[in-house]
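K.L.:
Generate coordinates for the sequence data below:
(one chain, ligands or ions: 1)
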Amino acid sequence: MAAEGMLSFSVASVVEDVLQQHGNRSKDIDFESKKAEEAASRRSEAAGWLRKMVGVVAAKDLPAEPSEEEFRLGLRSGIILCNVLNKVQPGAVPKVVESPCDATLIPDGAALSAFQYFENVRNFLVAGQELGLPTFEASDLEQGGKSARVVNCVLALKSYNEWKLLGGNGVWKFGGNLKPATTTLGKSFVRKNSDPFTNSLQRTSSMNEKPSAGHSNEIDSNKMGGSGSLSMLVRAILLDRKPEEVPLLVESVLGKVVEEFEHRIASQSEMMKTTSKDISPTNFRKPQQKQTLGDKKIEEKNIKVVKKEDCFRTNIIDEEEVKRRSQKQQIIFDQQQRDIKELKHAINSTKAGMQFIQMKFHEEFNNLGMHIHDLAHAASGYHRVLEENRKLYNQVQDLKGSIRVYCRVRPFLSESSYLSSVDHIEEGNIIINTPSKYGKGRKSFTFNKVFGQSATQAEVFSDMQPLIRSVLDGYNVCIFAYGQTGSGKTYTMSGPKDLTEKDQGVNYRALGDLFLLAEQRKDTFRYDVSVQMIEIYNEQVRDLLVTDGSNKRYPFTNSFEIRNSSQNGLNVPDANLMPVSSTSDVIDLMNLGQRNRAVGATALNDRSSRSHSCLTVHVQGRDLTSGAVLRGCMHLVDLAGSERVDKSEVTGDRLKEAQHINKSLSALGDVIASLAQKNPHVPYRNSKLTQLLQDSLGKFKSTKNLLF
Ligand SMILES: Nc1ncnc2c1ncn2[C@@H]1O[C@H](COP(=O)(O)OP(=O)(O)OP(=O)(O)O)[C@@H](O)[C@H]1O
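P.N.:
A predicted model of the protein is given here:
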């Protein structure tokens, strides 16, 4: 329906164009004859129908083919019109003014009464208007009036009657020859909603129901493009044309219609091609600005068709695309599935490998832990063993005696006098041949050990070497060299003046051993070693490790006090305490001490033989494991000569020296005797020497003494 309307409308437009083209050109062509013929035909049709419907009226019948004048005069009274209308629509005209005398012949051209004329025609027009008939003016029935309009009205009524006789179904539409009153050839043709008559032609099946104006217009708009409207349009157009113009117009119209159709089909085909190429809806061709309304409708329809096709095509493409994508996704999915399987396999392999490594790791870790545990146990056991060994070791030393006395026989210094009083030596015994004044004979003396004349410094030291280890274990050790002047005390403790490594005495070797052992124990202990060197002369104490030359001369201006209660364990805290870290450091300090001791020598006598020199080595060890601190000290004492004063027959200072020496040696003898007898009281305070050495002479349990 829409297509039909669109097409018809377009044809009407074409006809209009053709008419416009031909309008001016054939303006002067005469269509009068055609018009007259057409008008006569229509008049005859109308007159015939009226005759048929109402018969003879007022003793005057309408001619079968009346002239225009005859037709006008026949209907002039309005009686025929009212009667025929009442026949078609009974009661449409309630009152018809009949002729006063039907038999009276009214002469042609004679006017009826004004009342009759006005009432009948007016009533007819009013009723006709209600039926939607084309109207005319009352003057059209007068001389010079337009009878064609009256003919149109009659033919419209005829059409309505026919429609009614057929059942009156649907909408009645007048299909008679219509020419809009305001429309003329050569003027712009109004195609819709321009003719009030046309608007009123439409009626619903129910005459009582009148559509609204808006609705009527809408229907007109829809029906205007129909074939009836088109034929009416064409007829209206051709009505005023001369006969010789009609073929030309029809040919032109048909040609234009054909041309328009071809153009539309071509454009539609082009659009189809274009839209088939352009899948995207955005590629639709934009409608041109200057389009007619019909073109726009066609364009819209084409767009709809194209859209449908595009939609269909898009659906097909989408399905193919979806299918293709689905296949592609399936391939990717399959590949991913395979990859996942491979990954799972790799993960499982890796997992198994990791589990194996983990198991191995745990195994090795456990083994390592067990090893570490064993090592820790061994280490703790080692420490326990070390501790036990240390205790056992020192117990052995104790069993050997906390006071040991060794005897060393000095060799003869010159070949001239080699008469020795030593008869022979047996282990710890030495047999002495006594001089005749003491009763000729032999005397035997027992020592822990007796070293003969050939004993070397190393052999002598080997017996006291275990004591050095005890110092590092926190024991106090005291080594004396006791004997007459020239008996070799200094030689044994220090060595000869021209010292060689082989001749090094106990002091050097002890300190050498001390550093060696400390080095060996550095993983478990950290030792700090420092030394003091003291001289006791005539019961006065002085420091030998001074470098400024002070306290050189006796009596000493500054005699150090000996204390046995100092916090750092030093008996002579005021004396220099020199840290040492190697044997060479000790040698340097001992040389310094020897030099200071030698300075005091008089021209006649070597004072060194009449004073006690004491090299004290302080050792502080820290157990790196337990943090325990051990303190030990070792006194290396070179005692003064032990000549008997009474027999030396000295006097003066020498006597005084001898008395101090004897007193101090006697005090030392008393202390050792008390210790040996384990007396509860040990007389340490009887001399400076015993006071100095008391922490190493049995005041504490961990003391060991060695006496030559
Ligand atoms: N075992 C020995 N071998 C070789 N020479 C020795 C030995 N013992 C001592 N002498 C030598 O004997 C001399 C005296 O020795 P030394 O000075 O050591 O005696 P002393 O007891 O210290 O005397 P003083 O009491 O005067 O200090 C020194 O020349 C020393 O070299």
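K.L.:
which residues does the closest residue to Ser139 other than its chain neighbours contact?
P.N.:
Leaving aside its sequence neighbours, Ser139 sits nearest to Gly145 (C-beta to C-beta, 6 or more residues apart in numbering; 5.1 Å). Bear in mind the C-beta positions are built from the backbone N, C-alpha and C, glycine included. By C-beta atoms under 8 Å, 6 or more residues apart in numbering, the contact set of Gly145 is 72, 137, 139.
K.L.:
can you list the residues of the chain near the ligand?
P.N.:
410-411, 413, 483, 485-491, 496, 606, 608-609, 641 (C-beta under 6 Å from any ligand atom).
K.L.:
Tell me which of these fall in helices.
P.N.:
489-491 (DSSP state H).
K.L.:
wait, Arg76 sits on Tyr117?
P.N.:
Yes. The pair Arg76 and Tyr117 passes the contact test of C-beta atoms under 8 Å, sitting 7.3 Å apart.
K.L.:
out of the two, which sits in the more crowded spot?
P.N.:
Arg76 (26 against 18; other C-beta atoms under 10 Å).
K.L.:
Setting aside sequence neighbours, what's the nearest residue to that one?
P.N.:
Leu141 (4.6 Å).
K.L.:
For burial, what's the neighbour tally of that neighbour?
P.N.:
Counted with other C-beta under 10 Å, Leu141 comes out at 23.
K.L.:
looking at it, it is touching Ile79, isn't it?
P.N.:
No. Between Leu141 and Ile79 there is no contact under C-beta under 8 Å: 11.8 Å.
K.L.:
Tell me who's in contact with whichever residue of the stretch 301-450 of the chain sits closest to the ligand.
P.N.:
Per C-beta to the nearest ligand atom, Arg410 is where the stretch 301-450 of the chain lies closest to the ligand, at 4.0 Å. Contact analysis of Arg410 by C-beta under 8 Å, 6+ apart lists 453, 487-488, 491.
K.L.:
one more time with 6 Å
P.N.:
487-488 (C-beta atoms under 6 Å, 6 or more residues apart in numbering).
K.L.:
tell me the pLDDT at it?
P.N.:
At Arg410, the predicted lDDT confidence score is 88.
K.L.:
Now it. Its backbone dihedrals?
P.N.:
Main-chain dihedrals, Arg410, degrees, to the nearest 10: phi -80, psi 140.
K.L.:
Then His362?
P.N.:
phi -60, psi -40.
K.L.:
and what of Val531?
P.N.:
phi -130, psi 150.
K.L.:
Need the nearest residue in space to Ala455, chain neighbours excluded.
P.N.:
Arg408 (6.2 Å).
K.L.:
And that neighbour, how close does it get to Asp423?
P.N.:
Counting by C-beta to C-beta, to the nearest Å, the separation of Arg408 from Asp423 is 17 Å.
K.L.:
how about the helices in the stretch 351-500 of the chain?
P.N.:
457-472, 489-493 (DSSP state H, counting those that start in this stretch).
K.L.:
among those, which is the most enclosed?
P.N.:
helix 489-493 (a mean of 23; mean count of other C-beta atoms under 10 Å).
K.L.:
That one packs against which elements?
P.N.:
strand 476-481, strand 629-638 (3 or more C-beta pairs under 6 Å, 6 or more residues apart in numbering; DSSP states H and E).
K.L.:
So what touches that helix?
P.N.:
408, 481, 483, 505-507, 638.
K.L.:
any idea how the chain splits into domains?
P.N.:
The record's domain split for the chain, according to the TED database, is 23-99+111-166, 456-707.
K.L.:
With mean pLDDT as new columns, can those domains be given to me in a markdown table?
P.N.:
Below are these laid out as a markdown table (pLDDT from 0 to 100):
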| stretch | mean pLDDT |
| --- | --- |
| domain 23-99+111-166 | 80 |
| domain 456-707 | 80 |
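K.L.:
can I get these in JSON lines with distance to Ile265?
P.N.:
Below are those laid out as JSON lines (distance: least, C-beta to C-beta, whole Å):
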{"stretch": "domain 23-99+111-166", "distance to Ile265": "28"}
{"stretch": "domain 456-707", "distance to Ile265": "113"}
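K.L.:
and Ile332, how many neighbours?
P.N.:
10.
K.L.:
try the one 3 residues further on
P.N.:
Counted with other C-beta under 10 Å, the neighbours of Gln335 add up to 10.
K.L.:
Please apply the same query to the one 4 residues further on.
P.N.:
Here the number of neighbours of Asp339 (other C-beta under 10 Å) works out to 10.
K.L.:
Look up how far His681 lies from it.
P.N.:
99 Å.
K.L.:
Assign a three-state SS to Thr547, would you?
P.N.:
coil (DSSP: H, G, I helix; E, B strand; the rest coil).
K.L.:
ok, now how distant is the nearest residue to Ile432 once chain neighbours are set aside from Lys489?
P.N.:
Leaving aside its sequence neighbours, Ile432 sits nearest to Lys443 (C-beta to C-beta, 6+ apart; 4.8 Å). As judged by C-beta to C-beta, Lys443 and Lys489 stand 22 Å apart.
K.L.:
In terms of packing, which of Arg408 and Asp423 has more residues around it?
P.N.:
Shown here are Arg408 and Asp423; by other C-beta under 10 Å, Arg408 has more neighbours (21 against 14).
K.L.:
residues in contact with Arg42?
P.N.:
Contacts of Arg42 (C-beta under 6 Å, 6+ apart): Val151.
K.L.:
Where does Pro134 sit: helix, strand or coil?
P.N.:
Going by three-state DSSP: Pro134 is coil.
K.L.:
Verify the contact between it and Leu155 for me.
P.N.:
No. Judged on C-beta atoms under 6 Å, Pro134 makes no contact with Leu155 at a distance of 8.7 Å.
K.L.:
out of these two, which sits in the more crowded spot?
P.N.:
Between Pro134 and Leu155, counted using other C-beta under 10 Å, Pro134 has the larger neighbour count: 27 against 22.
K.L.:
And the more buried one, how close does it get to the ligand?
P.N.:
175 Å (C-beta to the nearest ligand atom, to the nearest Å).
K.L.:
For that residue, give me phi and psi.
P.N.:
phi -60, psi 140.
K.L.:
Leaving out chain neighbours, which residue sits closest to the one residue in the stretch 451-600 of the chain that gets nearest to the ligand?
P.N.:
Going by C-beta to the nearest ligand atom, the ligand is nearest to Gly488 of the stretch 451-600 of the chain, at 2.5 Å. Leaving aside its chain neighbours, Gly488 sits nearest to Arg410 (3.9 Å; criterion: C-beta to C-beta, 6+ apart).
K.L.:
same check, this time on Val88
P.N.:
Asn161 (4.4 Å).
K.L.:
In contact with Asn448: list those residues for me.
P.N.:
Here Asn448 is in contact with 404-406, 428 (criterion: C-beta under 6 Å, 6+ apart).
K.L.:
Check these for burial and list the buried ones.
P.N.:
The neighbour-count criterion (16 or more other C-beta atoms under 10 Å) marks 404-406 among those as buried.
K.L.:
Among these, which lie within strands?
P.N.:
Among the buried ones among the contacts of Asn448, the ones falling in strands (DSSP state E) are 404-406.
K.L.:
Could you measure from Val477 over to Ala64?
P.N.:
180 Å.
K.L.:
between these two, who's got more neighbours?
P.N.:
Val477 (26 against 9).
K.L.:
how much space between Ser159 and the ligand?
P.N.:
For Ser159 relative to the ligand (C-beta to the nearest ligand atom), the value is 176 Å.
K.L.:
Show me what the helix or strand encompassing that residue packs onto, helices and strands only.
P.N.:
Assigned by DSSP states H and E, Ser159 belongs to helix 147-165. Packing contacts for helix 147-165, counted by 3+ C-beta pairs under 6 Å, 6+ apart, involve helix 32-54, helix 68-75.
K.L.:
List the contacts of the last one.
P.N.:
In this case it means helix 68-75. 43, 62-63, 81, 108, 141, 147.
K.L.:
Try it again at 8 Å.
P.N.:
For helix 68-75, using C-beta under 8 Å, 6+ apart, the contacting residues are 39-40, 43, 46-47, 50, 60, 62-63, 66, 80-81, 108-109, 140-143, 145, 147, 150-151, 154.
K.L.:
Can you tell me which of those residues are buried?
P.N.:
By 16+ other C-beta under 10 Å, these give 39-40, 43, 46-47, 50, 60, 62, 66, 80-81, 140-141, 145, 147, 150-151, 154 as buried.
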